[in-house]
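Trainee: how would this look folded up:
(one chain, ligands or ions: 1)
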Amino acid sequence: MVAHFAALKAVGESCRIPLQYYHNNMTGTNVLLEAMADNNVFKFVYSSSATVYGEPKFLPVTEEHPTGNCTSPYGKTKYFTEEILKDLCKSDKRWAVVSLRYFNPVGAHISGRIGEDPNGEPNNLMPYIAQVAVGRRPSLSVYGSDFPTHDGTGVRDYIHIVDLAEGHVKALDKLRNIAETGFFAYNLGTGVGYSVLDMVKAFEKASGKKVNYTLVDRRSGDVATCYADATLADKKLGWKAERGIDKMCEDTWRWQSQNPNGYANK
Ligand SMILES: CC(=O)N[C@H]1[C@@H](OP(=O)(O)OP(=O)(O)OC[C@H]2O[C@@H](n3ccc(=O)[nH]c3=O)[C@H](O)[C@@H]2O)O[C@H](CO)[C@@H](O)[C@@H]1O
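Mentor: As a prediction, the model looks like this:
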């Protein structure tokens, strides 16, 4: 049996206060691991994040890149949890852990019925763009236009949520089929970086709507550029991202235009 740990990511992301981040993630990890061992479950997929790498020292970022120099408390919880899991695997050879380091998940299910509906004002780029396009918010604030990137705005590796889900299925298959134990980390990204303004343009094309924006100061903790080398996941899990930026925007727009208020007022 294989357990999945996505719930803790949701808990971490819904908390704004660093102490709560740490408390929820760290306490949750220990309680879960004990409960698993008590029930003879030693296989585990962990939802980690590219934020464990902090400000990239080289690009594209491989799994060999040093971790821990995180720029946010959220990133640190991901790093600390990975460290706990590595120690666990070293000290008890029964454990096999796959840590999936997500780059920037976006998009929605193709049906338009399952999508992202953050509470309050979105923190992340894609839901913000989608809410501006649908008329729910007047304008996007673009955080920083003086980064050393092709247009001055931050560059990220956006990955379609369905590709990400398929990465989990591959990770589960691997855990089911290997005799090997230990800690294994894989980047889940496309290997391509797009700027904030690239995303705005792609979304305008997919939706046919204007996305108004204003250039404002940088947001604290944001790095200039981050994108993955995802070849290890291809080699070891047989996974690679299949959906590009147009598909990410089309599917997000289908969800947002069919559900302008998210899951409310159906
Ligand atoms: C350091 C950190 O906590 N990173 C998290 C953050 O990544 P990250 O900060 O990269 O993701 P965002 O979607 O928030 O931002 C992407 C890019 O858009 C810009 N931007 C964002 C919002 C906005 O209103 N205006 C704007 O210009 C940002 O400056 C950045 O350049 O969210 C991801 C998706 O949940 C998480 O996986 C990451 O772990």
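Trainee: so what's the residue count around whatever residue of the stretch 151-266 of the chain ends up closest to the ligand?
Mentor: The minimum distance from the stretch 151-266 of the chain to the ligand, using Cβ to the nearest ligand atom, falls at Gly154 (2.3 Å). Any C-beta I mention is one placed from the backbone N, CA and C, and that applies to glycine too. If you count neighbours by other Cβ atoms under 10 Å, Gly154 ends up with 24.
Trainee: so who does it touch?
Mentor: Residues near Gly154 by Cβ atoms under 8 Å, 6 or more residues apart in numbering: 143-144, 147, 195-196, 222-225.
Trainee: now Cys249: which helix or strand?
Mentor: Taking DSSP states H and E as the criterion, Cys249 maps to helix 245-258.
Trainee: what's that helix packed up against?
Mentor: Identification of packing neighbours for helix 245-258 by 3 or more Cβ pairs under 8 Å, 6 or more residues apart in numbering; DSSP states H and E yields helix 125-133, strand 158-160, helix 196-207.
Trainee: got the CA coordinates for it in CSV?
Mentor: Extracted in CSV, the C-alpha atoms of helix 245-258 (Å, rounded to 0.1, in the frame of the first residue of the first chain):
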residue,chain,number,x,y,z
ILE,A,245,1.3,26.8,-22.3
ASP,A,246,-1.6,27.1,-24.8
LYS,A,247,-3.3,24.0,-23.3
MET,A,248,-2.7,25.3,-19.8
CYS,A,249,-4.4,28.6,-20.6
GLU,A,250,-7.2,27.0,-22.6
ASP,A,251,-8.1,24.6,-19.8
THR,A,252,-7.9,27.3,-17.1
TRP,A,253,-10.1,29.6,-19.2
ARG,A,254,-12.7,26.8,-19.8
TRP,A,255,-12.9,26.3,-16.0
GLN,A,256,-13.0,30.1,-15.1
SER,A,257,-15.4,31.1,-17.8
GLN,A,258,-17.8,28.3,-16.9
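Trainee: centre of the chain to it, how far?
Mentor: Mean C-alpha position of helix 245-258 versus that of the full chain (Cα atoms, centre = their mean, to the nearest Å) differs by 18 Å.
Trainee: same deal with stretch 78-95?
Mentor: The answer for stretch 78-95 is 21 Å, by Cα atoms, centre = their mean.
Trainee: could you number the chain from 12 rather than 1 from now on?
Mentor: Sure thing, new numbering starts at 12, so read that last one as stretch 89-106.
Trainee: tell me if it is near the ligand.
Mentor: No: Stretch 89-106 lies out of reach of the ligand by Cβ under 6 Å from any ligand atom, never closer than 7.1 Å.
Trainee: quick check, the helix holding Cys260 touching the ligand?
Mentor: No: under the criterion of Cβ under 6 Å from any ligand atom, the ligand is not reached by helix 256-269; the shortest gap measures 12.3 Å.
Trainee: which parts of that helix are buried?
Mentor: Under the neighbour-count criterion of 16 or more other Cβ atoms under 10 Å, helix 256-269 has 256, 258-267 buried.
Trainee: tabulate those (JSON lines), appending pLDDT.
Mentor: Output for the buried residues of helix 256-269, formatted as JSON lines (pLDDT from 0 to 100):
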{"residue": "Ile256", "pLDDT": "98"}
{"residue": "Lys258", "pLDDT": "98"}
{"residue": "Met259", "pLDDT": "98"}
{"residue": "Cys260", "pLDDT": "98"}
{"residue": "Glu261", "pLDDT": "98"}
{"residue": "Asp262", "pLDDT": "98"}
{"residue": "Thr263", "pLDDT": "98"}
{"residue": "Trp264", "pLDDT": "98"}
{"residue": "Arg265", "pLDDT": "98"}
{"residue": "Trp266", "pLDDT": "98"}
{"residue": "Gln267", "pLDDT": "98"}
